[in-house]
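**Student:** 3D, please:
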Amino acid sequence: YKKWNELVNSNEGETLKKIICIDGKTMRGNKSNGQKANHIVSAWCDMDGFCLGQKKVEEKSNEITAIPQLLDAIQVKGCVITIDAMGTQTEIAEKIKQKRADYTLAVKENQKNLYRGIREYFEDGELLKEIKCSGGYKVTKEKSHSQIETREYYQCDRLGWMQEKSRWKGIKSIGMICKTTEQAGEQIIERRYYISSLPLNVELFARTVREHWSVEIMHWHLDVTFKEDANATLDKTAAQNLNIINKWCLSILKLFDVGKKMSLRKKRYCISMNARKYLEQILAL
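**Tutor:** As a prediction, the model looks like this:
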């Protein structure tokens, strides 16, 4: 698996940054009275369309210890690593920089001082105007599910005020997303905050934040398309192997063309009804 990952990443230029999204998921069907369910931390690359590696969280441990081990197992040089707030730890940021990669890490109240400082910084209306004028601003508007979503991205590289700066290896910028949802005449505003080792480049910053949702979508497909949470395989190793197989199959389904547009669940059904017909095409992917 590691050799395959290195092969895929060989001869890759750094002109287009590859984004690797790291997140964990619990295999709920693997739980029993005598044992906890497997919790798998995965490294997902939406550009490649497959999982680069994974690490099972050991008993009496958590994602914070599993993420550095996962980073050691895969090739991340020249990539941007995105992790949710659980993985926003100084040791993890340092590990990413040691691996010669960059990071964009979500900041929430598990890092109280950092969160408070960044939140208060972006509450300054005059500062937001300056960021807009200096090229650290991007806005997108989308309509879906009968609602309009407006996302405003702010990125700033002036960090002299930040007391926490010395603790975060390689930090070069901070960012905020202000998401406004309009539905039936009502507005809901949500703000999220980030630290990053990326220099000022709001297009790349916005891309790293949006692509992190791809790993959440992958986990959603494991539940909905493959019904992983309903699978009651209790053997830990067998359950982990099934998780790997499901991820491989998910990557194949995304690439496979059955001749007409259909959901991944319908693709699975279509292939299962005539496996002999599609086998050669699948092996050629």
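
**Student:** contacts, neighbours, all on C-alpha from now
**Tutor:** Will do.

**Student:** wait, is R100 part of a helix?
**Tutor:** No: assessed by DSSP: H, G, I helix; E, B strand; the rest coil, R100 does not belong to a helix; its assignment is coil.

**Student:** Please tell me how far it sits from V215.
**Tutor:** Distance, R100 to V215, by CA to CA, to the nearest Å: 22 Å.

**Student:** Which one of the two is surrounded by more residues?
**Tutor:** V215 (24 against 14; other CA atoms under 10 Å).

**Student:** contacting residues for the more buried one?
**Tutor:** Residues counted as contacts of V215 (CA atoms under 8 Å, 6 or more residues apart in numbering) are 21-23, 43-46.

**Student:** wait, isn't S42 in contact with I20?
**Tutor:** No: with contact defined as CA atoms under 8 Å, S42 does not reach I20; the gap is 9.7 Å.

**Student:** Can you report how many residues lie near L52?
**Tutor:** Neighbours of L52 (other CA under 10 Å): 23.

**Student:** Neighbouring strands - and their directions - for the helix or strand where it lies?
**Tutor:** For L52, the host element (DSSP states H and E) is strand 50-56. Using DSSP bridges, the strands paired with strand 50-56 are strand 39-45 (antiparallel).

**Student:** residues of the strand it pairs with that come out buried?
**Tutor:** By 16 or more other CA atoms under 10 Å, the buried positions in strand 39-45 come out as 39-45.

**Student:** for these, which one is nearest E152?
**Tutor:** Among those, C45 lies closest to E152 (CA to CA), at 24.2 Å.

**Student:** Could you give the bridge partners of the closest one?
**Tutor:** Residues in beta-bridge contact with C45 (DSSP bridges): F50.

**Student:** when you give positions from now on, start the count at 56
**Tutor:** Shifting the count to begin at 56 puts that one at C100.

**Student:** wait, doesn't it sit right on I75?
**Tutor:** Yes: in this structure, C100 is within contact of I75 by CA under 8 Å, at 4.8 Å.

**Student:** Could I get the full set of helices for the stretch 156-305 of the chain?
**Tutor:** 167-176, 180-188, 257-266, 268-279, 291-310 (DSSP state H, counting those that start in this stretch).
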